[in-house]
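# No sequence on hand, only this structure:
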């Protein structure tokens, strides 16, 4: 049970870093939590796919029977006499859900997103949970591979990931055979001495880890995410105003109609132009304000991530124009100074 001990210790260390605070520690916390999440996803996938090779053989036989024109499953000595035979079409759909076919198993074994997709397909968690896991994993990839840290939201992301990981621990304990620890575990005994005389399932550790974490209420986290989005949308308005006035009206937001015209011009010829206009920006502002009233960790972060993903593409295009305008203005200044 060393692997279980490592999972619990990782989340405990993440809690410690979150309590200490600071962007650098929040970054490490996010990486620890993401690794814990992926290991939990792997355990659940491994458990469900341990007999995948046998299921593939049966799937092939069902497909062959359907091609021969058969419609019902053949009876076996183990069938309940009172149960009618199952439709082969239904059996095929069920097997396609439960099995990893056509090279999917290799992807599930080596990649994060296919694990999430497979477990969502089998109702281990909701589409909202799946969307949040994918987005939080993207955050981890940014801080790990690119050293790109979002200072305004990395703490909130790590806290929400703490909640999501503890929830995954509880789900792992409630699906199939509960994951229990029987062997001596000095690290866990030191962390949670009160558990030595009680049932030691992973789900119970999850409850304790969440209770010891600095995770704020869902309302407070949602408000943080809401304020961050609204700040970025205000910055977008300032950038659009800057571009429209060719840098002569710095720090002042101009009329919305002019901002809308400027955004259309910037996105003209880009694929974003087909789906983004200033009306979309207004919708983002409304969603960001409503986000502040959310009372659910997962749904709050899902709404935030959906808006942020769309906003990032627009921000990138606008900032390219702002940078080009800055360069042009500096060139004019240098020219007038005789440089």
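Now that the structure is in, tell me what you want to look at. A quick note: this is a predicted structure, and the numbers were derived from the prediction, not measured.
# For this protein, just list every one of the helices.
With DSSP state H as the criterion, the chain has helices at 2-20, 23-48, 52-67, 88-98, 104-110, 112-121, 127-145, 154-174, 186-191, 202-212, 218-244, 256-267, 278-291, 297-336.
# name the helices or strands packed onto the second one?
With contacts taken as 3 or more CB pairs under 8 Å, 6 or more residues apart in numbering; DSSP states H and E, helix 23-48 sits against helix 2-20, helix 104-110, helix 112-121, helix 127-145, helix 154-174. All C-beta atoms are positioned from the backbone trio N, CA, C, and that covers glycine.
# neighbours of residue 170, just the number please.
18 (other CB atoms under 10 Å).
# so it sits right up against residue 204, yeah?
No. With contact defined as CB atoms under 8 Å, residue 170 does not count as touching residue 204 (9.1 Å).
# list residues touching both of these two?
When contacts are counted by CB atoms under 8 Å, 6 or more residues apart in numbering, residue 170 and residue 204 have no shared neighbour.
# picking that back up, which of the helices of the chain sits most buried?
helix 154-174 (a mean of 23; mean count of other CB atoms under 10 Å).
# what angle do that helix and helix 202-212 make?
Interaxial angle of helix 154-174 relative to helix 202-212 (axes from the mean of the first three to the mean of the last three CA atoms, to 10 degrees): 160 degrees.
# what angle separates helix 154-174 from helix 112-121?
Computed by the same axes, to 10 degrees, the angle separating helix 154-174 from helix 112-121 equals 50 degrees.
# Okay, angle between helix 154-174 and helix 23-48 too, please.
If you take the same axes, to 10 degrees, helix 154-174 sits at 20 degrees to helix 23-48.
# Any stretches of the stretch 201-339 of the chain with poor pLDDT?
Across the stretch 201-339 of the chain, residues meeting the criterion (pLDDT under 70) sit at 339.
# again, only this time at 90
201-208, 216-218, 221, 246-253, 269, 309, 329-339 (pLDDT under 90).
# can you list contacts of stretch 117-129?
Under CB under 8 Å, 6+ apart, the answer for stretch 117-129 is 41, 44-45, 48, 97-98, 100, 104, 108, 130, 133, 164, 167-168, 171, 175, 298-299, 302.
# coming back round to it: and the helices of the chain as a markdown table, adding distance to residue 75?
Compiled in a markdown table, the helices of the chain are given as follows (distance: least, CB to CB, whole Å):
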| stretch | distance to residue 75 |
| --- | --- |
| helix 2-20 | 42 |
| helix 23-48 | 27 |
| helix 52-67 | 13 |
| helix 88-98 | 13 |
| helix 104-110 | 30 |
| helix 112-121 | 29 |
| helix 127-145 | 37 |
| helix 154-174 | 34 |
| helix 186-191 | 49 |
| helix 202-212 | 39 |
| helix 218-244 | 51 |
| helix 256-267 | 62 |
| helix 278-291 | 54 |
| helix 297-336 | 44 |
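# for the nearest residue to residue 238 once chain neighbours are set aside, what are its contacts?
Nearest residue to residue 238, sequence neighbours excluded (CB to CB, 6 or more residues apart in numbering): residue 253, at 6.1 Å. Contact analysis of residue 253 by CB under 8 Å, 6+ apart lists 234, 237, 238, 241, 259.
# Can you convert the residues you listed into JSON lines and add a column each for distance to residue 54?
Output for the contacts of residue 253, formatted as JSON lines (distance: CB to CB, whole Å):
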{"residue": "234", "distance to residue 54": "58"}
{"residue": "237", "distance to residue 54": "59"}
{"residue": "238", "distance to residue 54": "61"}
{"residue": "241", "distance to residue 54": "64"}
{"residue": "259", "distance to residue 54": "61"}
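# Cheers, nothing more for now.
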